[in-house]
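*Asks:* this one's sequence-less:
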């Protein structure tokens, strides 16, 4: 998707993604790990891009729900 945009647009979207990641880290939504524990898989995710009515770029990082297991404590 980014390859078809102008360099200025690419920079705007990358900035929006960086801001979102910083916010998620500040809220302690996730922890970055080197490798998953044996027998575990990382939850897959994807970016959702949106342009608001004022032209503001909004991004969301969403987990792919089919790879999550409900009511599971991963700290055990």
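*Replies:* Perfect, thanks for sending it. A quick note: this is a predicted structure, and the numbers were derived from the prediction, not measured.
*Asks:* How many neighbouring residues does residue 51 have?
*Replies:* 11 (other Cβ atoms under 10 Å). To be clear about C-beta, it is placed using only N, CA and C from the backbone, and glycine gets the same treatment.
*Asks:* oh, I was asking about residue 50
*Replies:* 10.
*Asks:* Spit out the contact partners of it.
*Replies:* 57-60 (Cβ atoms under 8 Å, 6 or more residues apart in numbering).
*Asks:* With residue 48 instead?
*Replies:* 59-62.
*Asks:* Can you select the buried ones among these for me in ChimeraX?
*Replies:* In ChimeraX syntax, the buried subset of the contacts of residue 48 is picked out as below (16 or more other Cβ atoms under 10 Å):
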select :59
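*Asks:* From the contacts of residue 48, which land in strands?
*Replies:* Under the assignment DSSP state E, these contribute 59-62 to strands.
*Asks:* Give the bridge partners for the residue nearest the centre of the chain, please.
*Replies:* In the chain, the centroid-proximal residue (Cα atoms, centre = their mean) is residue 61; its distance is 2.9 Å. Note on residue 61: beta-bridge partners by DSSP bridges are residue 47.
*Asks:* so what's it scoring on pLDDT?
*Replies:* What the model reports as pLDDT for residue 61 is 91.
*Asks:* for residue 32, same thing?
*Replies:* Looking at residue 32, its pLDDT is 78.
*Asks:* That one: how many residues sit nearby?
*Replies:* There are 5 residues near residue 32, going by other Cβ under 10 Å.
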